[in-house]
Every structure is written in C-alpha cells, then in structure tokens.
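Quick one, what's the 3D model for this:
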Amino acid sequence: MRERMNSIRPGITGGGGPRPIDRTIIFPSVDPTRILQPHRDALILSLEMGDFDVRRILVDPGSSADLVQASVICHMGRNLIGLENPGRILSGFNGATTTSLGDIVLPVQAGPVTLNVQFSVVQDLSPFNVILGRTWLHYMKVIPSTYHQMVSFLTEDGQIGLYDS
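The predicted structure is shown next:
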C-alpha cells in the first residue's frame with residue numbers, strides 16, 4: 001500500500017490550483033428526478049483523463065488499486081511498450097487473478113482538481129474503462145455515496161459534487 005500511496009503525486013494544474021481539504025461534507029437530499037428509489041446502482045463517473053473524456057469509471061472504495069483498461073490507453077494514442085513494473089499480479093474479490101501490463105501515470109481531473117495518478121494497465125477490465133479505488137479516493141479526500149450516486153469533496157472554494165454519468 002505504501003508504494004501505491006507514494007505513486008500518486010499531486011499534479012495540480014497551474015501549480016497553485018485548488019486542493020482537497022478537510023471539513024464537514026453535507027450531502028443534499030436525493031433528487032427523485034435523478035435517481036429512482038430503491039436502487040442498487042454502482043457509482044459510475046465520467047472524468048477527464050489527459051485530454052480525453054473517459055466514461056464508465058467505476059468508483060470502488062473496495063479496490064486497493066487504480067486500474068485502467070489497455071484499450072483506453074491505446075485510444076489516447078499512447079504506447080503500451082515501455083510501461084513500468086510489468087507483470088504485477090492483481091487479485092480480484094472473487095480470488096481471480098490477472099497480470100498487469102505495467103503502470104502508467106495519467107492526469108485525472110475531478111472538478112477543479114487535477115491529480116497525476118499511477119494506474120495499473122490491464123486487459124479486459126470488465127465493463128469499466130477505469131476503476132478508481134481507495135488510493136485516489138483518499139488522496140482526493142473524496143466521500144463517495146452510492147445512495148446519492150455522487151462523490152463529494154472540499155476545496156478552499158467550497159464543496160464539489162460530481163454526479164454519476
């Protein structure tokens with residue numbers, strides 16, 4: 001886990017951009033026009049990664065890794081040759097394992113905050129293009145709410161809420 005935490009580097013755009021801070025986060029009442037109740041939906045976001053809008057990003061507080069599908073990297077026009085740390089074994093919840101193709105650092109923009117995140121690149125990630133796990137959530141100080149279908153975090157400019165896509 002220490003390796004993963006040190007691998008995320010604050011790449012705030014503009015050098016002095018907004019940063020996540022600690023204070024109380026308050027979630028709004030659920031808007032019945034946005035979310036049908038009851039629901040069991042996963043929390044899926046669309047975020048900018050590099051210069052690309054990436055859809056089908058699963059926010060997974062149960063994952064200790066941040067993962068990106070190899071096809072997303074290829075669509076970004078980046079090369080999979082020369083990835084760092086190839087061959088890392090990753091285990092899933094069901095005990096299944098997959099071998100990562102390597103690691104890549106990509107800027108992830110969540111509202112006004114952009115962080116450089118180290119992802120493990122994998123083939124066939126399931127129906128998701130990216131999985132953002134505890135490492136990203138903790139560094140961003142994001143509070144996910146599957147009930148509200150949003151993530152929320154604070155900056156000096158106030159509370160930021162990002163809703164599911």
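
for the chain, which spans come out with low pLDDT?
1-19, 21, 30-39, 93, 125, 165 (pLDDT under 70).

where do the strands sit along it?
Remark: strands assigned in the chain by DSSP state E are 44-49, 52-59, 67-69, 89-91, 97-99, 102-110, 113-122, 130-132, 143-145, 150-155, 158-163.

Including mean neighbour count, could the ones you listed go into CSV?
Placement of C-beta: from N, CA and C, glycine included. Shown next, in CSV, are the strands of the chain (neighbours: other CB atoms under 10 Å):
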stretch, mean neighbour count
strand 44-49, 18
strand 52-59, 18
strand 67-69, 24
strand 89-91, 11
strand 97-99, 12
strand 102-110, 19
strand 113-122, 22
strand 130-132, 26
strand 143-145, 17
strand 150-155, 20
strand 158-163, 15
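
I'd like to know which of those is closest to residue 23.
strand 150-155 (5.2 Å; CB to CB).

Show me what that closest one is packed up against.
Applying 3 or more CB pairs under 8 Å, 6 or more residues apart in numbering; DSSP states H and E, one finds that strand 150-155 makes contact with strand 143-145, strand 158-163.

And the contacts of the first one?
When contacts are defined by CB atoms under 8 Å, 6 or more residues apart in numbering, strand 143-145 is touched by residues 25, 27, 43, 59, 61, 137, 150-153.
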